[in-house]
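Undergrad: Model the structure of this input:
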Amino acid sequence: MPEVNYHDYLQLDKILNAQFPESDKHTLPAHDEMLFIVIHQAYELWFKQLHHEANSIVSIMGKPALNDNSPELQTVVHRLNRMVTILRVLVHQIDIMETMTPMDFLDFRDMLRPASGFQSWQFKELEAKLGLKFEHRHGKEYYTSQLRKEHVDVIKKAESSQSLLDLLNAWLERMPFFKEEENWKGASFRNPPNEKEGPHPFWVEYRERYAESLADAEKNNLEAFDNIFTRTTGSEDRAISATASQSALFIMLYRGYPMLQLPFQLLNALLEIDEQLSSWRYRHMNMVHRMIGTRIGTGGSTGKDYLKAAADKHYIFKEIAQLNSFLIERRKLPSLPLLVEKRLGFIG
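TA: Reported below is the predicted structural model:
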């Protein structure tokens, strides 16, 4: 095999000669434009890596069966956590950007029009790949208006494909917690359902204990509980079905059992991804406000106002985060039947 050279392997000729400040073209020196370019190029490289991780996760999650205690699920959790770490780096890169003052930025800002971070097709594609639906986007009527056709096509393809959120719902729906009735025989719940087709006895019991835990000001939560976990209509309004929501909450409640530890880590990593994306959006928004105040962005957007509206709306895994509203204290959890405990690995 031929020897590999560090410089050639990393294609450093291409990378280190890919910075062409507009200020140099206009012979109007702007020292900080180099920093501006390098940071945004670094962002796009990290976006590429995030796509690489997301594609592999979607491929694994898209398989017809996925053992909940398998090496494949461990790989999914590992790569989701890597995505979280990369997103933290993206947030911290703003610290470097903020070493540039507003006056430093003005030295070259007007030379960039109409280029804008709004034209980052990789970021929009990543949002779609994770599960941000077109109808849930802020400014959906013009969010691709400044992109090249080939990049719009890439985003549309991601929007029409199964997203990580779609695959998460399918994975949760396949979980057998409440489908195998023999595991629940002999369960001593206080209020079993009156009809065979009614809610599973576990959820009848859990709903009562949850109701007892609510303060007077929280009584409306019970209606939300019913809408999410026992609804038979209106499921088109939610990305996570009632069955999948039950599985996700069950994982959160009983995550101490060995069989549920990896599924819980998966759910937790998705919430962390949303949190880091939100942190990045808000740091970006505050940086823009610091740099240009109330002026419009170079791409023609309303600057801070647009970024704030998008940050408030673009939570992808919000339905999983919402389930934390329905937790109760550990000591008040219903006891699981012995057969269920065995399946979850607590008893050999």
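Undergrad: name the element residue 35 belongs to?
TA: Using DSSP states H and E, residue 35 maps to helix 33-61.
Undergrad: need the next SSE after that helix, C-terminal direction.
TA: Using DSSP H and E, the next helix or strand after helix 33-61 towards the C-terminus is helix 71-97.
Undergrad: so what secondary structure elements neighbour that following helix?
TA: Applying 3 or more Cβ pairs under 8 Å, 6 or more residues apart in numbering; DSSP states H and E, one finds that helix 71-97 makes contact with helix 33-61, helix 258-292. Every residue, glycine included, has its C-beta placed from N, CA and C.
Undergrad: So which bits of the least confident helix or strand in the chain by mean pLDDT are buried?
TA: The weakest-scoring helix or strand in the chain, judged by mean pLDDT, DSSP states H and E, is helix 304-313 (a mean of 75). Neighbour-count burial for helix 304-313, counted by 16 or more other Cβ atoms under 10 Å, picks out 304, 306-308, 310-311.
Undergrad: Sort out which one of these lies nearest residue 140 for me.
TA: Residue 140 lies nearest to residue 310 out of the buried residues of helix 304-313, by Cβ to Cβ, at 10.5 Å.
Undergrad: Enumerate every residue touching that closest one.
TA: Listed by Cβ atoms under 8 Å, 6 or more residues apart in numbering, the contact set of residue 310 reads 137-139, 281.
Undergrad: now these as JSON lines including pLDDT, distance to residue 176 and neighbour count?
TA: What follows is the contacts of residue 310, written out as JSON lines (pLDDT from 0 to 100; distance: Cβ to Cβ, whole Å; neighbours: other Cβ atoms under 10 Å):
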{"residue": "137", "pLDDT": "84", "distance to residue 176": "35", "neighbour count": "18"}
{"residue": "138", "pLDDT": "80", "distance to residue 176": "39", "neighbour count": "14"}
{"residue": "139", "pLDDT": "77", "distance to residue 176": "42", "neighbour count": "14"}
{"residue": "281", "pLDDT": "88", "distance to residue 176": "38", "neighbour count": "17"}
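Undergrad: that older thread, and the angle from the least confident helix or strand of the chain to helix 258-292?
TA: Orientation check (axes from the mean of the first three to the mean of the last three Cα atoms, to 10 degrees): helix 304-313 against helix 258-292 gives 170 degrees.
Undergrad: what's the following helix or strand after helix 304-313?
TA: Using DSSP H and E, the helix or strand that follows helix 304-313 in sequence is helix 318-322.
Undergrad: Show me what that next one is packed up against.
TA: With contacts taken as 3+ Cβ pairs under 8 Å, 6+ apart, helix 318-322 sits against helix 258-292.
Undergrad: mind checking pLDDT for the residue lying closest to residue 146 once chain neighbours are set aside?
TA: Using Cβ to Cβ, 6 or more residues apart in numbering and skipping the chain neighbours, the partner closest in space to residue 146 is residue 119 (5.2 Å). Confidence at residue 119, expressed as pLDDT, is 86.
Undergrad: Residue 88 reaches residue 276, doesn't it?
TA: Yes. With contact defined as Cβ atoms under 8 Å, residue 88 counts as touching residue 276 (5.9 Å).
Undergrad: how near is residue 37 to residue 324?
TA: For residue 37, the distance to residue 324 (Cβ to Cβ, to the nearest Å) stands at 41 Å.
Undergrad: Among those two, which residue is more densely surrounded?
TA: Neighbour count, other Cβ atoms under 10 Å: between residue 37 and residue 324, residue 37 has more, with 16 against 10.
Undergrad: List the residues that contact that one.
TA: 19-21.
Undergrad: In stretch 92-108, which residues are buried?
TA: Buried positions in stretch 92-108, judged by neighbour count with 16+ other Cβ under 10 Å: 93, 97, 100, 104-105, 107-108.
Undergrad: Same question for stretch 312-320.
TA: 314-317, 319-320.
Undergrad: First-to-last residue distance for it?
TA: Stretch 312-320 has an end-to-end distance of 16 Å (Cα to Cα, to the nearest Å).
Undergrad: and what of stretch 107-116?
TA: End-to-end distance for stretch 107-116: 16 Å, by Cα to Cα.
Undergrad: Check the average confidence over it, would you?
TA: 86.
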